[in-house]
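[1] sequence-free structure coming up:
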């Protein structure tokens, strides 16, 4: 038994984020994932890409083996 | 820094649960609490009371330093 | 990325526990497993067997994808 | 009940780390703290200081309300 979890220390969007408003985004990931709330975390498009910005995770929901996070982008890196 | 969490292995309702339908309940607790989903856990009215039943937690939400769980009662102990 | 974890709410020994002294045991499990410390948890031989007793986990170690727990048996069920 | 935990995404040494060998350090912190193992994390002297390097946590031990981590410094920032 036991409940599988994944401890995550950054947000990897894979381009699946949806904008709710201005700088607030929602992202769904498979499985139950543990993210720190209200702590600045790196946002990346892929695991190996550079940081695209920093976010605060405002909400985490676990249901049906899916994790939904709502995060607020607090800074943006212009990487070009 | 760091995010304070509490690892919980049973549901203590303190009578604050709200019935959504038949055997589905929702309960709010202060702070961020980690509960196992989809695993049978004990339900008690207080920490020291006897088990009042067994439940499966179907959903966990963390937001604004509050944890909201939705659980399905799968067995009931008649304690009288 | 992310670190896979398993949230465990009881101890399933599969007969692999080693007695350190009187009622103190050590048990190794594969993977990183999150157990509650200093909280009474059920001890079972297999996941489906009856509870063989109750224990307090005194120590948890994670290293090389292995979890080692040290637990103190605080009550024993005679199931025969 | 419940077991208080703190989810940590970086290592804040406060100068309390002890060198075991070359680039391997051990650090004790109060309370039970959840750190990701084998994932690059930032090392800082204080929460507000700049990153002093990057480490892989190789071992985490929880006992007597204390967390002991062993980490390997994999890169060093020269900040002067």
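    Noted; the coordinates are in hand. In this text the structure is predicted, and so the values were computed from the model without any measurement.
[2] where is the longest strand in chain A?
    Assignment by DSSP state E gives strand A:51-63 as the longest strand of chain A.
[3] list the neighbouring strands of it plus their orientation.
    strand A:41-44 (antiparallel), strand A:66-76 (antiparallel), strand B:51-63 (antiparallel) (DSSP bridges).
[4] ends of stretch A:45-53, how far apart?
    10 Å (C-alpha to C-alpha, to the nearest Å).
[5] what comes up buried for that stretch?
    Neighbour-count burial for stretch A:45-53, counted by 16 or more other C-beta atoms under 10 Å in any protein chain shown, picks out A:45, A:52-53. From N, CA and C alone the C-beta is placed, and that goes for glycine too.
[6] got it, and stretch A:28-42?
    A:29, A:32-37, A:39, A:41-42.
[7] put together a markdown table for the buried residues of stretch A:45-53, with pLDDT and distance to residue A:5 on each row.
    Formatted as a markdown table, the buried residues of stretch A:45-53 follow (pLDDT from 0 to 100; distance: C-beta to C-beta, whole Å):
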| residue | pLDDT | distance to residue A:5 |
| --- | --- | --- |
| A:45 | 95 | 24 |
| A:52 | 91 | 26 |
| A:53 | 96 | 26 |
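[8] spatially central residue in chain A, please.
    residue A:11 (3.6 Å; C-alpha atoms, centre = their mean).
[9] which residue, neighbours along the chain excluded, lies closest to the residue lying farthest from the centre of chain A?
    Distance from the centre of chain A peaks at residue A:1, with 27.2 Å (C-alpha atoms, centre = their mean). Distances taken as C-beta to C-beta, 6 or more residues apart in numbering or on different chains put residue C:47 closest to residue A:1, at 5.3 Å, once the chain neighbours are dropped.
[10] quick revisit: in strands only, show me the buried residues of stretch A:28-42.
    A:29, A:33-34, A:41-42.
[11] closest to residue D:67 among those?
    residue A:34 (16.7 Å; C-beta to C-beta).
[12] so who does the closest residue to that closest one other than its chain neighbours touch?
    Excluding the flanking residues, the one nearest residue A:34 by C-beta to C-beta, 6+ apart is residue A:7, at 5.0 Å. Counting by C-beta atoms under 8 Å, 6 or more residues apart in numbering or on different chains, residue A:7 touches A:33-34, C:2-5, D:7, D:34, D:36.
[13] could you rerun that using 7 Å?
    By C-beta atoms under 7 Å, 6 or more residues apart in numbering or on different chains, the contact list for residue A:7 reads A:34, C:2-3, C:5, D:34, D:36.
[14] repeat for residue A:33
    Residue A:33 neighbours (C-beta under 7 Å, 6+ apart): A:6, A:8, A:67, C:2.
[15] redo that, cut-off 6 Å
    A:6, A:8, A:67 (C-beta atoms under 6 Å, 6 or more residues apart in numbering or on different chains).
[16] confidence score at the closest residue to the first one other than its chain neighbours?
    Read that as residue A:6. Residue nearest to residue A:6 in three dimensions, not counting chain neighbours: residue C:2, with 4.1 Å by C-beta to C-beta, 6+ apart. pLDDT, residue C:2: 92.
[17] before we move on, could you check phi and psi at residue C:2?
    In terms of degrees, to the nearest 10, the main-chain angles of residue C:2 are phi 90, psi 160.
[18] shouldn't it be in contact with residue A:9?
    No - using C-beta atoms under 6 Å, residue C:2 is not in contact with residue A:9, being 7.7 Å away.
[19] okay, those two: which has more neighbours?
    More neighbours surround residue A:9 than the other of residue C:2 and residue A:9, with 23 against 19 (other C-beta atoms under 10 Å in any protein chain shown).
[20] what comes up buried for stretch A:54-73?
    A:54-55, A:57-62, A:67, A:69-73.
[21] which two in these are spaced the farthest apart?
    A:54 and A:62 (23.7 Å).
[22] what is the end-to-end distance of stretch A:22-38?
    Note: stretch A:22-38 ends 18 Å apart using C-alpha to C-alpha.
[23] anything in the helix or strand hosting residue A:25 near chain B?
    Element membership of residue A:25 [criterion: DSSP states H and E] is strand A:24-30. No - figure legend: strand A:24-30 not in contact with chain B (C-beta under 6 Å from any C-beta of the partner chain); closest approach 12.5 Å.
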